[in-house]
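Engineer: could you work out the structure for the sequence below:
(one chain, ligands or ions: 2)
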Amino acid sequence: MASPTQLSLISKPSPSPLFSTISRTRFTPPTAVRPTSYRFKCLASQTGFFSRLGRLIKEKAKSDFEKLSSGFSKTRDNLAVIDELLLYWNLADTDRVLDELEEALLVSDFGPRITIKIVESLREDILSGKLKSGSEIKDALKKSVLDILTTKGSKTELRLGFRKPAVLMIVGVNGGGKTTSLGKLAHRLKNEGAKILMAAGDTFRAAASDQLEIWAERTGCEIVVAEKENAKASSVLSQAVKRGKEQGFDIVLCDTSGRLHTNFSLMEELIACKKAVGKVIPGAPNVVGITGFILTKLDGSARGGCVVSVVDELGIPVKFVGVGEGVEDLQPFDAEAFVNAIFP
Ligand SMILES: Nc1nc2c(ncn2[C@@H]2O[C@H](COP(=O)(O)OP(=O)(O)OP(=O)(O)O)[C@@H](O)[C@H]2O)c(=O)[nH]1
Ligand SMILES: [Mg+2]
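Structural biologist: Numbers count the residues shown, from 1 in each chain. Ligands and ions are numbered 1, 2, ... in the order given. Predicted structure coming up:
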């Protein structure tokens, strides 16, 4: 997800008639915040709504196969050599074929650990006579990739918990695609009937909230932004969550500044944000980035194997993959569809 910041979305939008209709809350400092005696009640029906939402999105993943497939086209091209190798495979050729297969997996960023694991298990099954043809080897290869993804990262559907509003904080390194993914996610969730509030929690960079406002405009979602420069991210987020709670929003999507885990003060800020949100809704946020990953920019990459190494190394599921810059270009991740997309 790390790549140089390229803020094409920051460029000022041309005035849009839609813009004025979007309700935008300017965050005023804490003194002006209306005291609230609102007491949040967790309704059983809310649990149903959120799990239905997660399920719907997951089901869509299967029907969006074309999109996922085109997002992984470069990785598929990289791996196409495997089909050629296996087409003329014979037992005497095993070492050479497995060496080339290993190289193809490494080039596609499966990572050395996974690659060796897959190749050695294929070797064992070939030498023991369990796999007797090229097509059996290919099926075994697909199965081992699928097994890694389903055992270590099975919870690919979005889990929104049972508190309303569900609070999602999108965290990650600079320029990784957080704001864009948030916008795309808002679009998807809104289309499924959820009432979405965006929170411009990136107070570090002046233009960051403008960028999120463009996404709010594009997706027809409401947004809370900081009124003043140098506002604390935690204050903006807690204000947004308060508003989300009071006005019956289903989901608050919180943008955050890009940060490296080595930057102490920015990591502290993240903890402060989490605490501030937790004060408004105990247990919130449901954090994407810890409970799940969004892997972005896979469209331009031939290294889609990183999906497998990330899941294997970290044991955290990939929830979505970013396959372009457009509003529709966030695909729910489905392990089986992914395996079929890269090994057709
Ligand atoms: N091709 C492609 N580009 C993407 C994708 N996701 C984001 N981008 C582009 O990557 C650039 C950076 O995206 P942002 O969403 O601003 O990234 P960010 O993590 O919010 O950046 P900071 O807030 O500066 O840390 C933008 O030009 C996006 O259009 C993707 O899935 N595919
Ligand atoms: Mg951003």
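
Engineer: show me where this structure has its helices.
Structural biologist: Counting by DSSP state H, the segments of the chain that form helices are 44-63, 65-71, 73-87, 94-107, 112-127, 134-152, 178-191, 208-219, 233-246, 264-280, 306-314, 335-342.

Engineer: my guess is S209 meets G201, correct?
Structural biologist: No - assessed by CB atoms under 8 Å, S209 is found out of contact with G201, at 9.0 Å. Every residue, glycine included, has its C-beta placed from N, CA and C.

Engineer: before we move on, the earlier item: could you export the helices of the chain as JSON lines, including mean neighbour count?
Structural biologist: Formatted as JSON lines, these follow (neighbours: other CB atoms under 10 Å):
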{"stretch": "helix 44-63", "mean neighbour count": "16"}
{"stretch": "helix 65-71", "mean neighbour count": "18"}
{"stretch": "helix 73-87", "mean neighbour count": "17"}
{"stretch": "helix 94-107", "mean neighbour count": "17"}
{"stretch": "helix 112-127", "mean neighbour count": "16"}
{"stretch": "helix 134-152", "mean neighbour count": "17"}
{"stretch": "helix 178-191", "mean neighbour count": "24"}
{"stretch": "helix 208-219", "mean neighbour count": "22"}
{"stretch": "helix 233-246", "mean neighbour count": "24"}
{"stretch": "helix 264-280", "mean neighbour count": "17"}
{"stretch": "helix 306-314", "mean neighbour count": "21"}
{"stretch": "helix 335-342", "mean neighbour count": "21"}
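
Engineer: export these as JSON lines, with columns for distance to I294 and mean pLDDT.
Structural biologist: Formatted as JSON lines, those follow (distance: least, CB to CB, whole Å; pLDDT from 0 to 100):
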{"stretch": "helix 44-63", "distance to I294": "13", "mean pLDDT": "66"}
{"stretch": "helix 65-71", "distance to I294": "13", "mean pLDDT": "80"}
{"stretch": "helix 73-87", "distance to I294": "17", "mean pLDDT": "89"}
{"stretch": "helix 94-107", "distance to I294": "23", "mean pLDDT": "94"}
{"stretch": "helix 112-127", "distance to I294": "21", "mean pLDDT": "95"}
{"stretch": "helix 134-152", "distance to I294": "16", "mean pLDDT": "92"}
{"stretch": "helix 178-191", "distance to I294": "5", "mean pLDDT": "94"}
{"stretch": "helix 208-219", "distance to I294": "15", "mean pLDDT": "95"}
{"stretch": "helix 233-246", "distance to I294": "19", "mean pLDDT": "93"}
{"stretch": "helix 264-280", "distance to I294": "17", "mean pLDDT": "84"}
{"stretch": "helix 306-314", "distance to I294": "11", "mean pLDDT": "88"}
{"stretch": "helix 335-342", "distance to I294": "14", "mean pLDDT": "91"}
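
Engineer: OK, contacts around I342?
Structural biologist: Neighbour list for I342: 72, 75-76, 79, 108, 304-305 [criterion: CB atoms under 8 Å, 6 or more residues apart in numbering].

Engineer: what's the closest of the helices of the chain to P165?
Structural biologist: Minimum separation from P165 across the helices of the chain (CB to CB) falls at helix 233-246, 4.0 Å.

Engineer: could you give the separation of the closest one from the chain centroid?
Structural biologist: 22 Å (CA atoms, centre = their mean, to the nearest Å).

Engineer: packing partners for that helix?
Structural biologist: If you count contacts as 3 or more CB pairs under 8 Å, 6 or more residues apart in numbering; DSSP states H and E, helix 233-246 packs onto strand 24-27, strand 166-170, strand 196-201, strand 222-226, strand 251-256, helix 264-280.

Engineer: tell me how far the fourth one lies from the chain's centre.
Structural biologist: Centroid displacement of strand 222-226 relative to its chain, using CA atoms, centre = their mean, is 22 Å.

Engineer: one more: stretch 192-205?
Structural biologist: Relative to its chain's centre, stretch 192-205 lies at 15 Å (CA atoms, centre = their mean).

Engineer: G172 contacts D255, correct?
Structural biologist: No - counting by CB under 8 Å, G172 stays clear of D255, with 10.6 Å between them.

Engineer: which neighbours do the two share?
Structural biologist: Common neighbours of G172 and D255, using CB under 8 Å, 6+ apart, are K178.

Engineer: show me how the chain divides into domains.
Structural biologist: 8-34+41-66+158-342, 72-152 (automatic domain parsing).

Engineer: gap between the shortest one and the chain center?
Structural biologist: In this view, domain 72-152 has its centroid 27 Å away from the chain centroid, taken as CA atoms, centre = their mean.

Engineer: how about stretch 192-210?
Structural biologist: Put simply, stretch 192-210 sits 16 Å off its chain's centre (CA atoms, centre = their mean).

Engineer: likewise stretch 255-262?
Structural biologist: Computed by CA atoms, centre = their mean, the chain-centroid distance of stretch 255-262 equals 15 Å.

Engineer: appreciated, that's everything.
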